[in-house]
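*Asks:* Model the following, please.
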Amino acid sequence: MEFAMFPTDKGGSVSAYVSQVIDMIRREAKSYKLTAMGTIVETDTFGEALAVLQKSHDILEPVSERIYSSVKFDIRKGSSGRLEGKIQSVEQKIGRVNK
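*Replies:* Coordinates of the predicted model:
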């Protein structure tokens, strides 16, 4: 799952709020990668991915009247470790890429 979630009513910088979400993910997620535009989280089940979204919203809801959320899912049964595996597959074909 790749998602972005942040309050829209807190001015130009929302890193103080996003940091709280990332801290929760860091403590609870199996595997994740923070990017400039969102966070990628690998879970074993769809329910676990939805739980990450719910917990993220629960962190932001008390401090904001408006929360932006964008979510993408790539569900592949019987597969794990895809965060690194997808990058390695591309690098095998074209060489090292920026990370």
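*Asks:* What are the boundaries of the strands in the protein?
*Replies:* Assigned by DSSP state E, the strands in the chain fall at 2-7, 31-34, 39-42, 67-72.
*Asks:* Show me the residue at the heart of the protein, geometrically.
*Replies:* Nearest residue to the geometric centre of the chain (C-alpha atoms, centre = their mean): T39, 2.7 Å.
*Asks:* quick one: it and L53, what's the gap?
*Replies:* Distance of T39 to L53, given as C-beta to C-beta, to the nearest Å: 11 Å. Using the backbone N, CA and C atoms, a C-beta is placed for each residue, glycine as well.
*Asks:* what is in contact with those two at once?
*Replies:* Common neighbours of T39 and L53 (criterion: C-beta atoms under 8 Å, 6 or more residues apart in numbering): F3.
*Asks:* can you pull the pLDDT of the nearest residue to E65 once chain neighbours are set aside?
*Replies:* Of all residues not flanking E65 in the chain, D9 sits nearest, at 5.4 Å (C-beta to C-beta, 6 or more residues apart in numbering). We have a pLDDT of 97 for D9.
*Asks:* Who are the contact partners of D9?
*Replies:* Residues in contact with D9, defined by C-beta under 8 Å, 6+ apart, are 64-66.
*Asks:* what sits against the closest residue to E42 other than its chain neighbours?
*Replies:* Using C-beta to C-beta, 6+ apart and skipping the chain neighbours, the partner closest in space to E42 is S31 (4.1 Å). Contacts of S31 were listed using C-beta under 8 Å, 6+ apart, and they are 41-42, 81, 83.
*Asks:* Determine which two of these are furthest apart.
*Replies:* Within the contacts of S31, V41 and G81 form the most distant pair, 13.4 Å apart (C-beta to C-beta).
*Asks:* Between these two, tell me which one has more neighbours.
*Replies:* Just comparing V41 and G81: by other C-beta atoms under 10 Å the higher neighbour count belongs to V41, 22 against 11.
*Asks:* Give me the distance between that one and I94.
*Replies:* 26 Å.
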